[in-house]
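>>> Sequence first, then the predicted structure, then my questions.
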Amino acid sequence: MRKLLLGMLAMSFIAGSAWAASMNVQVREVDVKSSPNYMSASVGKLNYGAKVETGDEQGSWVRISQPSGWIPQSAVTKHKVDVNADAKFSGKGASRDEVALAGKGFNPQVEAEYKRQNPGLVAAYSKVDWLENQTISLPELNSFAAAGKLGR
């Protein structure tokens, strides 16, 4: 009986350590992938502030429990994120993106100062803004990868 109890205790420890870290999504939105690869099928999405339980790591990817899948490690943080930030700042004109960037130390004032100190970057900022507004579907991305003979 003692061996059975010790075995059950060991199994619960192993199971508990598999999902050891509770973290928060720190990006506007992240696709949950079926495997640790940007080209793999999306099994769900998580938004800024969502709490996740993380487990195994593979390269720069981390497994999450709900929805079950993989996300980039850079999308999560152990730090608390303010999920009510939109409501707090909406009257001041701050978007969800701005709030997420501000949480990482980047805000409109910092951007304005960068532009002031580096006038040659103003055109680059407009190109970045344009690029951020582009969307590519998974089938288009897979077609591009196949045409370029890019491996997974």
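The structure has been received and is ready for your questions. The shown structure was predicted, so the numbers you read here are calculated from the model rather than taken from an experiment. Numbering: from 1, shown residues only.
>>> Counting by contacts, list what the helix or strand hosting E53 packs against.
Per DSSP states H and E, E53 falls inside strand 51-58. When contacts are defined as 3 or more CB pairs under 8 Å, 6 or more residues apart in numbering; DSSP states H and E, strand 51-58 sits against strand 21-25, strand 61-64. Heads up, the C-betas are built off the backbone N, CA and C, glycines and all.
>>> what's it in contact with?
18-25, 36, 46, 62-66, 70-71, 73, 76 (CB atoms under 8 Å, 6 or more residues apart in numbering).
>>> cool, and stretch 141-152?
By CB under 8 Å, 6+ apart, stretch 141-152 touches N37, M39, S40, I136.
>>> what about the third one, neighbour count?
By the other CB atoms under 10 Å criterion, the neighbourhood of S40 contains 15 residues.
>>> go on, the last one?
Neighbours of I136 under the rule other CB under 10 Å: 9.
>>> same deal with the first one?
For N37, the tally of surrounding residues (other CB under 10 Å) stands at 13.
>>> Double-check that it belongs to a helix.
No - N37 is assigned coil when assessed by DSSP: H, G, I helix; E, B strand; the rest coil, not a helix.
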